[in-house]
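Student: everything below, folded, please.
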Amino acid sequence: MSFAAFVFDAYGTLFDVHSAVRRHAAAAGPDGQALSELWRAKQLEYSWVRSLMGNYRDFWQLTVEALDYALAVYPSVDPGLKDRLLESYWKIDCYPEVPAVLKNLKAQGARIAILSNGSPDMLKAAVGKAALETVIDDIFSVDAVKTFKTSPAVYDIVTTQYRLYPDAVSFQSSNRWDIAGATKFGFRTVWINRANRPEEYADFGPSLILPSLESL
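Tutor: Model prediction:
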């Protein structure tokens, strides 16, 4: 089956969210990885809570607040690293297979886009760091609708912009909750299960599960 557009979540799917802390692993010390995991968890939690409250705040601000919390939980990590960690988040690494996969899909004539909770500036910086500007046709941010995934309004950004029915879009995400929301909306979904997590949200299952984007 061919699709008019291949749309990708950004953080955890195209870009390695833990590369920011990993870049400063020596300075962060033994609690660095745990801090990175909590930072990511709180970043997402804050987005969900604010969506439910109807109180939108830019994803970058939530990222800063989540790091503040993680540093408070892990005082062994020097709080003086905060600015360096935040700077690194603007330059997180893409996964190794990403450039080749996106170029191959684009060569087949499909539109290539990002749909992310990230702010426009954050996403532009990540795409630039990975040198993907000529491959990705569009970057869609939730900032356009002032709420976060898994609101249907977020997924509707793509169908409205491209004037497509949902089933003409293949949506890829490493976040199972994101896949559930996109499946409910009507996208064909591919769960990129990089961490080999168990299945959940059984009533909104993906069309395909892959360990990486490589075989997409």
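
Student: how about the strands in this protein?
Tutor: Here the chain has its strands, by DSSP state E, at 5-8, 111-116, 138-141, 169-173, 188-192, 208-210.

Student: what's in contact with stretch 180-193?
Tutor: 1, 3, 7, 13, 149-152, 154-156, 165-167, 169-174, 176, 179, 201, 204-213, 216 (C-beta atoms under 8 Å, 6 or more residues apart in numbering). Placement of C-beta: from N, CA and C, glycine included.

Student: not counting sequence-adjacent ones, nearest residue to the residue of the chain positioned farthest from its centre?
Tutor: Of all residues in the chain, Ser76 has its C-alpha farthest from the mean position, at 28.1 Å, by C-alpha atoms, centre = their mean. In space, and not counting its chain neighbours, Ser76 is closest to Asp31: 4.9 Å by C-beta to C-beta, 6 or more residues apart in numbering.

Student: give me the low-pLDDT residue ranges for this protein?
Tutor: 1 (pLDDT under 70).

Student: what about the nearest residue in space to Trp90 that is not next to it in sequence, neighbour count?
Tutor: Sequence neighbours aside, Ala125 is the residue nearest to Trp90 in space, at 4.6 Å (criterion: C-beta to C-beta, 6+ apart). Look at Ala125: counted by other C-beta atoms under 10 Å, it has 16 neighbours.

Student: again with Tyr56
Tutor: 16.

Student: for Pro211, same thing?
Tutor: 11.

Student: that one touches Arg194, doesn't it?
Tutor: Yes. Pro211 is in contact with Arg194 according to C-beta atoms under 8 Å; the separation is 6.7 Å.

Student: hmm, back to that, show me the contacts for the residue nearest to Ser76.
Tutor: Tyr74, Ser76, Val77.

Student: including distance to Trp48, could those residues go into a markdown table?
Tutor: Conversion of the contacts of Asp31 to a markdown table gives the following (distance: C-beta to C-beta, whole Å):
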| residue | distance to Trp48 |
| --- | --- |
| Tyr74 | 22 |
| Ser76 | 28 |
| Val77 | 25 |
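
Student: among the residues you listed, which are in helices?
Tutor: Among the contacts of Asp31, no member is found in helices (DSSP state H).

Student: name the nearest of those residues relative to Gly54.
Tutor: Nearest to Gly54 among these is Tyr74, at 31.5 Å by C-beta to C-beta.

Student: what's the burial count for that closest one?
Tutor: Counted with other C-beta under 10 Å, Tyr74 comes out at 19.

Student: look up how far Ser141 lies from it.
Tutor: Here Tyr74 is placed at a distance of 30 Å from Ser141 (C-beta to C-beta, to the nearest Å).

Student: kindly report the same for Val73.
Tutor: Distance from Val73 to Ser141, by C-beta to C-beta: 29 Å.

Student: more neighbours: which of these two?
Tutor: The neighbour count for Val73 versus Ser141, taken as other C-beta under 10 Å, is higher for Ser141 (22 against 14).

Student: contact partners for the nearest residue to the more buried one once chain neighbours are set aside?
Tutor: In space, and not counting its chain neighbours, Ser141 is closest to Pro120: 4.8 Å by C-beta to C-beta, 6+ apart. When contacts are counted by C-beta under 8 Å, 6+ apart, Pro120 touches Ile139, Ser141, Asp143.
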